[in-house]
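Trainee: predicted model follows, preceded by the sequence.
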Amino acid sequence: MTPLYIRDPIHGFIVLDEWEQEIINHPVFQRLRRIRQLAWTDMVYPGASHTRFEHSIGVMHVVTRMFKNIRLRSEDILKNDLNYTDGGLDRVLALVRICSLMHDIGHGPFSHAAEEVMPTCEASGEAYQHESYSAEAVALMEDVINHPTNEKNYGITVQDIKDFLNGEVSDENRLLWRNLLSSQLDADRADYLLRDSHHIGVAYGHYDLDRLVSALMVAIDPETDVPVLAVAEGGWHASEGFILARYMMFTQVYFHKTRRAYDLHLSETMKSLLREEAHTECRIEEHFPPPTSADNLRAYLQWTDWRVLGLLHQGKGGDHGAIIRERKHFRKVFETREVPDKADLEFSEEVCERMGDKVGFVDKAEKSWYKFQDKDIPVLQGIKGPKKLLTPLSHLSSVVQGLKSVSQIRIYVSEEERKEAEETIQALREAHKGN
Amino acid sequence: MGSKINTPWHRYALIAELALSLEGKSHQFGKTSLQKLVYLLQELKGVPTHYRFSLYTHGPFTAQLLGDLDLVEALGAVRVEYVLSGYGGYQISPDRELAPIRGKASEFLNENKTSIDRVVEEFGAFSAKDLELRSTIVYLDRDVKRSKKDLDRDDFVGLVKKVKPRFTEDAIAEALGELENKGYVETRTT
């Protein structure tokens, strides 16, 4: 089989070898064509209809560029400090490409919007996340993972991929490479900022990918001797642009008040649908089946945007399903500042308490999957004694230093309750002014 | 329908409390130390912070705690400053609004006072590097138990060594011994 060239709207041609083609052709991966990247964002930005399918291929492409540049820039550390051979590095590249390609196969319908109806894991006591489903779904693709290209060249096992996706990384070097897929400077964000901006028609997520990639390297943290992903000094303004792009996309797109309302409506809709469809599969009350068996996973993977849209079209999904059908979303009647002060937080609590049952949803920035919290990147700068210094970007850049994590809180009510809620809030504000 | 805000004042107060307790005790109470101490409080003492930690390059880490630190700084309860001594890095210290923020969760702080004092006493003087090793040992101990792997002590030291190869086996065994003696991790037979 010859290499496949896929034309991508962001990165141009993306090349896949025959092993990767087999993975893409597998039904578990093809399912991503039916999972929209940004859920119901098209209710606000009509162009937002792209899917996890193209994003996953894009992440694989970006991770490859990142890895190849790191290999060029940091060959000395990789071979002399971390003991890699050229063959070992080829295997790492194959692993990070495959893991990047497969990292989203466990997403539920409408991507992160379905995350609220994931069941709780008995062992950890915490809700499962899509990463757990992705990791377990790898086992359903064992036949294509054990492809001759892999077996003859890399020997990557199902367990290797599961561990990488689950974050159960068995050694220091893999922890380092996992940063390429999950860190403040990863290929996932690098792709979705550009892709989402392109499809919805905004410029907020644009940054200089070429410069950023060319500045990436591995450095040894002088304080802890740990290998870390860092940026060469010349690339720190490109990193600054990347952080700014994240901040702008968060405030203008991912945490858009109406977009978030539809995430919340979908969670409620999914609870109804899971109740209504309970006869068709194993499930926990109002939750997806946990990723603890092949049968559960197969049942879970039956859930796609298409299935949810079909059920909504049949009139299912309860009151919130009707809200989505009729685009009569709950309205934001109150919000704090992006970085609230103590009085802001206390006032929001008072508003919520006063409104009682009239409150439709409370939303918090920290609950968003795209939350803007970790924003530091180590920058290689200067030398102290025999070691090179790593300085946090937030110290070098006054722009990044000034950007605080967004901790905004919003309160929503139904359209019918809107007027009364606004009057209640206004009365509370006046009472506070009077005090 | 109705929904509550549930502002996590207890988390904000805990950050403020650690800044106060570690003033003068910690070599440098920075962002890495904060991550590891909160992790140890949650795992060893069951202090209910409900952060979701994952294993990263420098040990257990959660971005949510960085977000909370940013807010606590904005609320004026702590100061986060870059210091140039040593290899540099951030230092967290008490600020003007410390008392009101601690006061918002005084019940939580009182209920967990013994645990907080104990962790500060036992781990507060460690460097970020030492905390990284100890928190990683605890993380791997929990992970091994969760996945029901049967490892003897040498296997476990070997596992830690793979994740933290910059530490000698002696240093790992010593840190593991400390944690075993305090009953914080399982005592595995050799």
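Mentor: Looks like it arrived, so ask away.

Trainee: any idea how far apart the tips of stretch B:174-188 sit?
Mentor: Using CA to CA, to the nearest Å, the span of stretch B:174-188 from its first residue to its last is 14 Å.

Trainee: and if you look at stretch B:25-37?
Mentor: Terminal residues of stretch B:25-37 lie 13 Å apart, using CA to CA.

Trainee: now do the buried residues in it.
Mentor: Within stretch B:25-37, the residues that count as buried by 16 or more other CB atoms under 10 Å in any protein chain shown are B:26-37. All C-beta atoms are positioned from the backbone trio N, CA, C, and that covers glycine.

Trainee: and it, what's its mean pLDDT?
Mentor: Taken as a whole, stretch B:25-37 has a mean pLDDT of 89.

Trainee: which stretches of the stretch 301-435 of chain A form strands?
Mentor: A:331-335, A:361-364, A:378-384, A:387-392, A:409-413 (DSSP state E, counting those that start in this stretch).

Trainee: right, and those - which one's nearest B:Asp141?
Mentor: With CB to CB as the measure, strand A:378-384 is the member of the strands of the stretch 301-435 of chain A nearest B:Asp141 (28.4 Å).

Trainee: residue in chain A nearest to chain B?
Mentor: Closest contact between chain A and chain B, by CB to the nearest CB, is at A:Gln373 (3.4 Å).

Trainee: what's the nearest residue to A:Ile377 if we skip its chain neighbours?
Mentor: Sequence neighbours aside, A:Leu393 is the residue nearest to A:Ile377 in space, at 4.4 Å (criterion: CB to CB, 6 or more residues apart in numbering or on different chains).

Trainee: now do the contacts for the residue of chain A closest to chain B.
Mentor: By CB atoms under 8 Å, 6 or more residues apart in numbering or on different chains, the contact set of A:Gln373 is A:366, A:405, B:63-64, B:66-67, B:70.

Trainee: excluding sequence neighbours, find me the nearest residue to it.
Mentor: The shortest distance from A:Gln373 to any residue other than its chain neighbours is 3.4 Å, reached at B:Gly67 (CB to CB, 6+ apart).

Trainee: tell me how many other residues crowd that neighbour.
Mentor: B:Gly67: 22 surrounding residues under other CB atoms under 10 Å in any protein chain shown.

Trainee: for A:Gly106, same thing?
Mentor: Neighbour count for A:Gly106, taken as other CB under 10 Å: 24.

Trainee: can you check the pLDDT for it?
Mentor: At A:Gly106, pLDDT is 96.

Trainee: which strand or helix spans the nearest residue to B:Arg146 once chain neighbours are set aside?
Mentor: What sits nearest to B:Arg146 in space, not counting adjacent residues and going by CB to CB, 6+ apart, is A:Ala123, at 5.0 Å. Assigned by DSSP states H and E, A:Ala123 belongs to no helix or strand.

Trainee: and the helices in chain B?
Mentor: Assigned by DSSP state H, the helices in chain B fall at B:9-22, B:31-45, B:63-74, B:98-103, B:106-111, B:113-123, B:128-146, B:153-163, B:169-181.

Trainee: helices and strands around the second one, which ones?
Mentor: For helix B:31-45, the contact count by 3 or more CB pairs under 8 Å, 6 or more residues apart in numbering or on different chains; DSSP states H and E identifies helix B:9-22, strand B:59-61, helix B:63-74, strand B:89-94, helix B:113-123, helix B:128-146 as packing neighbours.

Trainee: how about low-confidence regions in the chain?
Mentor: Looking at chain A here, since you left the chain open. Applying pLDDT under 70 to chain A flags the ranges A:1, A:169, A:279-284, A:370, A:375, A:382-387, A:435.

Trainee: I was thinking of chain B, sorry if that wasn't clear
Mentor: B:1-2, B:85-87.

Trainee: which one of the residues in it is closest to chain A?
Mentor: Closest contact between chain B and chain A, by CB to the nearest CB, is at B:Gly67 (3.4 Å).

Trainee: check whether that residue really touches A:Ser407, as I assumed.
Mentor: Yes: using CB atoms under 8 Å, B:Gly67 is in contact with A:Ser407, at 6.7 Å.
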